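Trainee: what would the 3D arrangement of this be:
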Amino acid sequence: MDEAYRNYHTHTARCRHAVDADEVYVLTAIACGYDTLGFSDHSPWPYSVSSDCRMSLDELEDYIRSVRGLQSRYRGRIRILTGLECEYYPKYYDWLRSVRDRFRLDYLILGNHYLREDEDNCYFAYARSGDQLKVYADMAVEGMRSGLFAYLAHPDVALASYPQFDGAAEQMSRIICQAAKEMDFPLEYNLQGRLYQDLNRYDGLTYPCGDFWRIAGAFGCKAIVGVDAHAAASLRRTDRIDEGRRILSAYGCRPVDSIRSASEN
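Mentor: Prediction:
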């Protein structure tokens, strides 16, 4: 291994669809040669809809306390960062800024999954129409322009169940990639999606989608490999990180392994 590994996309059991104790992620990362591990569990939001995909508001302080405690305990062995993965919910952005500033979060990731805050609405990984792809692209770009986020997680997630790379899929890809290039905003090559490909979870183009990344490369976009770890074992697949870097370079993307801090956004 020529250099240490870094991952900024790590979840915890608080999101209800990940497993393992926080410290297990840290110990696994150390054992596998990471020099940086960023926790970015799904952000809670100040509305009352019950969720099975993110922590509740009353868990937020425990999450931050736990990660900060690990940061202190393992200082000198690994760099640990505290962040959140957040939806495109602009009406809550003032609240999100206050959370970021109050807890001095290191960074926020834009991870757009749902059309609106109620999870009964469209889940973009099951998008089937060109109109849904256009909405996803426009929301992603608006989120990138907000100045809140360090990078865009799984930018091609809306292609997971989409049946073919047609004009609508190409349009979505170009909208996102052109904006990312103009803003020098990193896009994430997502390894959880790579795992879903192995498990045949989606029956469409799936993600990471080669046609999307071909367009990203043509624009010369910055790209970051994200494990999107929902179990500590995912961190062990450093071969997938190496594979992702090779793929991104082959497409002409500019691989990066550092991100802007919240104070720089």
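Trainee: which regions of the stretch 1-150 of the chain sit below the pLDDT cut-off?
Mentor: Confidence mapping of the stretch 1-150 of the chain against pLDDT under 70 gives the ranges 1-2, 48-49, 117-121.
Trainee: now do the stretch 151-265 of the chain
Mentor: Using pLDDT under 70, the stretch 151-265 of the chain drops low at 265.
Trainee: that one: helices as residue ranges?
Mentor: 167-183, 191-199, 210-219, 238-251 (DSSP state H, counting those that start in this stretch).
Trainee: switch the ones you listed over to JSON lines; also include distance to residue 102.
Mentor: For the C-beta atoms, the positions are set from N, CA and C on the backbone; glycine is no exception. Listed next are those as JSON lines, based on distance: least, CB to CB, whole Å:
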{"stretch": "helix 167-183", "distance to residue 102": "26"}
{"stretch": "helix 191-199", "distance to residue 102": "29"}
{"stretch": "helix 210-219", "distance to residue 102": "35"}
{"stretch": "helix 238-251", "distance to residue 102": "33"}
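Trainee: adding distance to residue 56 and mean neighbour count, write those helices out as CSV.
Mentor: Listed next are the helices of the stretch 151-265 of the chain as CSV, based on distance: least, CB to CB, whole Å; neighbours: other CB atoms under 10 Å:
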stretch, distance to residue 56, mean neighbour count
helix 167-183, 31, 19
helix 191-199, 22, 17
helix 210-219, 33, 20
helix 238-251, 31, 16
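Trainee: quick one, strands of the stretch 1-150 of the chain?
Mentor: 5-7, 34-42, 79-86, 107-110 (DSSP state E, counting those that start in this stretch).
Trainee: looking at the helices of the stretch 151-265 of the chain, which is closest to residue 21?
Mentor: Among those, the nearest to residue 21 by CB to CB is helix 191-199 (19.3 Å).
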